[in-house]
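J.: curious how this folds, go ahead:
(2 chains)
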Amino acid sequence: MNRLTSTLLTTTILTSVAGVASAQDTLNALVWCDHMDPELIAPFEAAHNVTVNLREYEGTGAALALLEQSRPGDWDVLVIDGIDVFRAVDAGILAPLPADELPTADFFPEVVMDDVNTVDGVTYAVTEKFGYNTISYNAARVDPADMESLATVWSETYQGRISIYDYYLPVMGLAALSEGIDTADISADNLDTLGDVMATMRSRAASVAGVVAAQTALATGEVDIVVGGGEWLTAVLAEEQPDLTWTIPAEGAVRWTQSLGVVEGTQQPDLALEFVKYIVSPEGQARLATSSCFWGMPANAAAGDFLTDEQKAVLRWDDQPDYLARTQLYPAPDDALDMAMQDLWLDTLAQ
Amino acid sequence: MFAMGQRAKGWGFVAPALIWTLAFFIVPFIVMGAMSFATLDGRNLVWGLSFDNYAALAERRFLWRAIVVSLEITVTVTIVSVLLAYPLAWIIAFNVPPRWQRLVLLLTILPFWTSYVVRSYAWLLVLAREGVVNQTLMNIGLIAEPLTLANTRFATVTGFVHFFVMLLTLTIYANLVQLSPNYRRAAQDLGANAFQTFRHVILPLTLPGIVTGAFLTFVLCIGDYVTPQILGGNTELTVPQVIMVQLGRRADFPLAAALAIVLMGIVTLAYLAAARWLRLDRL
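T.: This is a model prediction of the structure:
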C-alpha cells in the first residue's frame, strides 16, 4: 500500500468515525422558532449529554420537501402544524409513537386530538402547544367593544388600521366564522362567500404581515388591530405594552395546534422519543409555552404547576375552558381544496 | 508537443471555474428548466413535458399581476436610482478634491456594511405612522395626520433606492473619473454651453457606466424577496414572493421553476436591451 492510498484510507476511516460519533451525539430537529430557545433545549442537552441541532422552517410544504430529499436518519424529530400531520403520515415521514408512554391523560382534552395525531389506530404525533388565531388589538386606540364582533373589527371605522396575519388558513377560518360557516364546513361551494369577506377585510387593511412584521406594526402603532393575531402575538409584548391585548369575538375564533413526532428512519429512535417525552413533560411544556419566540398554551395541563401566576395570567390560563369551547380547529382541507384556498388567498393579496 | 502541453496547462487553469459553473449554474439551470415542464399529481412530482405551468401564468390573475408589479417596481427603482446616483457621482468626481474622494466614496457606501434585513426593518420604523418622517412633517406643520408610508410600494421603492444608489454611484463614478477634462474643454472651446456639453459629450461617454449600474440594479431588484416582503407589507405581490409561497406551503416546485424561468427571461431581455452599452469588465 503506497503512502497516498494509506493516507486516503486513514482519512476516510477517521471521517467515518467522526460521522458516526457526530450522529450519536447530535439530535437533528426540524422545528418552529419557539423550539430555538436555549432555555427550552439546554436542559434536554444536559440531561442526555447530546447536542440538539435545530433547524427552523416555514411552511409544511418546505418541510416535507426537505425531508423527502434527505437521507433516512438525517432528521430525528419534526414539529408540524397539527392539521398537516396526516400529510406527513401519507408521505411516510413520521414513525409510530408509543401512545402509552405519552402523558396525554394530563392534556387539555380538546387538544389531544386523536383524529389528527392517530391514523388507522397508530399514533404518529402528539400535540405540544396550542393557541388561537383571533383578534389582537391596541386597547388604547380602538373601542374594545368593537373587537367583540368580527363584523365591526373590519368595519370602515378601522380603515387602514388593520394588519392581516399572513397565513391563509386561520384568516379564511375567521372569514368563515364571520359568515356562520364552521371551519370544518369550508368547501369549494362556499369559497366565493369567503372571497367576498376577505376582499372587504383586505380593503380595510394596511398590510398583510408575518409574525415579526405584525408584532412590529402593532407595537409601533402602525396598525391597531391584527386579524389572525392572538396570545402568540401579544404575550411577549405584554410587559412593556399592556394595552396590546386580544379577544375571542362572539362569532368565535380559530384554534391552532402544533404537533411533534419522530421522523421515520431515524438512527436514534430512543433519543428522539426521549426528546418528544421531554417536550410534552410538564417542565418542557412550561418552557415551550413561554418560549422567547412566541408564547402559547401548553397541551399538557400539568405544566400549570411550573408556570408562575404572572405567566398564567398572560396565557389566560383560567379562561381556557371558555376559549376551547368557543373556538374551532383550523380548516383542514384536502389537497384540491387547499390549492383552491391558496389561489383565493393570493388573488385577495393581489387585489 | 510544447503547444499541447501549454494547452493542457491552460485547461488545467480554467477547469475549476468550468466545473464550478457546470455544477452550480448549468446543471441546476437545466434541472430547473426541466422542472418547469413537470406537474404535480396531488403532492407528487410528475416529470414530463407539460406547459400547464406556463399556461397558469396567463390564467391565474395573481401570477400575471406579480410579473407586472415586479416590472413596475424594478423600472421605477432603476430610473429613480440613476437620477439620484448620477448627480452624486458627478459631485464626488468633479467637486470633491481628489484626496477626499476616497473618503466620500467610503461614506457613500457605508450603509452597505449593515445587514440588508436590519436596514429594511429600520426603514419600516422610519416610515411608520409614528416614525421620524411623519413626526417631522407633522412638527413643521406640513401635514395634520400621519401619512401611510410604510407597507406601501413607496416604502419598497425607498428601501431599494437607498441600496441601489450606492451601487450606481460607484459604477457611474468609475466612468466619470476616467473622462479626460479635455473633452469638456474642447466642447466649451467650440461654443457649447454647460448643458450642451453634458448632453452631447459627457452623457454619451458615461452611458456605459450608467447602463452597467442600471442593469445590475434591474437584475438584483427584480429577483429580491426581502425588501418587498418587509417594506411592502404584502400589499402587492412580486414574483419572488409568489415563488416563496409556491415553495413554502404548496411545495409546487414546477410552478416555482416556471416563474423563475420567466424571471430569467425578463433579465435576458433587459440584458439584450442594454448589451450595446454594457461594460461589466469595468466593475
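J.: residues contacting the nearest residue to residue A:248 once chain neighbours are set aside?
T.: Residue nearest to residue A:248 in three dimensions, not counting chain neighbours: residue A:134, with 5.0 Å by Cβ to Cβ, 6 or more residues apart in numbering or on different chains. For the C-beta atoms, the positions are set from N, CA and C on the backbone; glycine is no exception. Counting by Cβ atoms under 8 Å, 6 or more residues apart in numbering or on different chains, residue A:134 touches A:174, A:228, A:229, A:230, A:246, A:247, A:248, A:249, A:253, A:254, A:327.
J.: from those, pick the one nearest residue B:114.
T.: residue A:229 (29.8 Å; Cβ to Cβ).
J.: go ahead and confirm that closest one touches residue A:165.
T.: Yes. Judged on Cβ atoms under 8 Å, residue A:229 makes contact with residue A:165 at a distance of 6.1 Å.
J.: pick out whichever of these two has more residues nearby.
T.: It is residue A:229, of residue A:229 and residue A:165, that has more neighbours when counted by other Cβ atoms under 10 Å in any protein chain shown, with 27 against 24.
J.: before we move on, the earlier item: quick one: secondary structure of the residue nearest to residue A:248?
T.: Under DSSP: H, G, I helix; E, B strand; the rest coil, residue A:134 falls in the strand class.
J.: what about it, distance to chain B?
T.: Distance, residue A:134 to chain B, by Cβ to the nearest Cβ, to the nearest Å: 20 Å.
J.: buried ones in the helix or strand that residue A:201 is a member of, by neighbour count?
T.: For residue A:201, the element it lies in under DSSP states H and E is helix A:191-204. The neighbour-count check on helix A:191-204 (16 or more other Cβ atoms under 10 Å in any protein chain shown) flags A:191, A:193, A:194, A:195, A:197, A:198, A:201, A:202, A:204 as buried.
J.: could you do stretch A:146-155 as well?
T.: Across stretch A:146-155, burial judged by 16+ other Cβ under 10 Å covers A:146, A:147, A:148, A:150, A:152, A:153, A:154.
J.: same thing with stretch B:221-233?
T.: Those would be B:221, B:222, B:223, B:224, B:227, B:228, B:229, B:230, B:231, B:232, B:233, for stretch B:221-233 by 16+ other Cβ under 10 Å.
J.: which one of those residues is nearest to chain A?
T.: Nearest to chain A among these is residue B:233, at 3.1 Å by Cβ to the nearest Cβ.
J.: I figured the closest one hits residue B:151, correct?
T.: Yes. If you go by Cβ under 8 Å, residue B:233 and residue B:151 touch, sitting 2.6 Å apart.
J.: what touches both of the two?
T.: The contact sets of residue B:233 and residue B:151 overlap at A:206, A:207, A:209, A:217 (Cβ under 8 Å, 6+ apart).
J.: now those as CSV including pLDDT, distance to chain B and secondary structure?
T.: Formatted as CSV, these follow (pLDDT from 0 to 100; distance: Cβ to the nearest Cβ, whole Å; DSSP: H, G, I helix; E, B strand; the rest coil):
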residue, pLDDT, distance to chain B, secondary structure
A:206, 91, 5, strand
A:207, 91, 3, strand
A:209, 89, 6, strand
A:217, 87, 7, helix
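J.: could you dump these into TSV and include neighbour count?
T.: Conversion of the shared contacts of residue B:233 and residue B:151 to TSV gives the following (neighbours: other Cβ atoms under 10 Å in any protein chain shown):
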residue	neighbour count
A:206	24
A:207	25
A:209	27
A:217	26
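J.: for the residues you listed, give me CSV that also has distance to residue A:49.
T.: CSV is the format used below for these (distance: Cβ to Cβ, whole Å):
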residue, distance to residue A:49
A:206, 50
A:207, 46
A:209, 41
A:217, 43
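J.: the residue in the stretch 1-150 of chain B that chain A sits nearest to: what secondary structure?
T.: For the stretch 1-150 of chain B and chain A, the shortest gap (Cβ to the nearest Cβ) falls at residue B:62, measuring 4.0 Å. Of the three states, residue B:62 takes helix under three-state DSSP.
J.: so what's it scoring on pLDDT?
T.: Listed pLDDT for residue B:62 reads 88.
J.: strands along the chain, start to end?
T.: No chain was given, so I picked chain A. A:26-31, A:51-56, A:77-81, A:118-119, A:122-123, A:126-138, A:162-165, A:205-209, A:225-229, A:244-247, A:253-262, A:297-298, A:327-329 (DSSP state E).
J.: looking at chain B here, not the other one
T.: Using DSSP E, the strands found in chain B span residues B:39-41, B:44-46.
J.: what does the stretch 1-150 of chain A put close to chain B?
T.: A:58, A:59, A:60, A:61, A:62, A:64, A:65, A:87, A:91 (Cβ under 8 Å from any Cβ of the partner chain).
J.: how about a cut-off of 6 Å?
T.: Residues of the stretch 1-150 of chain A found near chain B, taking Cβ under 6 Å from any Cβ of the partner chain as the criterion, are A:58, A:59, A:61, A:62, A:64, A:65.
J.: of all these, which comes closest to residue B:143?
T.: Taking Cβ to Cβ as the measure, residue B:143 lies nearest residue A:58 of the residues of the stretch 1-150 of chain A next to chain B, at 37.4 Å.
J.: nearest residue to the closest one in space, please, no chain neighbours.
T.: Nearest non-adjacent residue to residue A:58, counting by Cβ to Cβ, 6+ apart: residue B:248, 5.5 Å away.
J.: per-residue pLDDT, the one you found?
T.: Per-residue pLDDT puts residue B:248 at 77.
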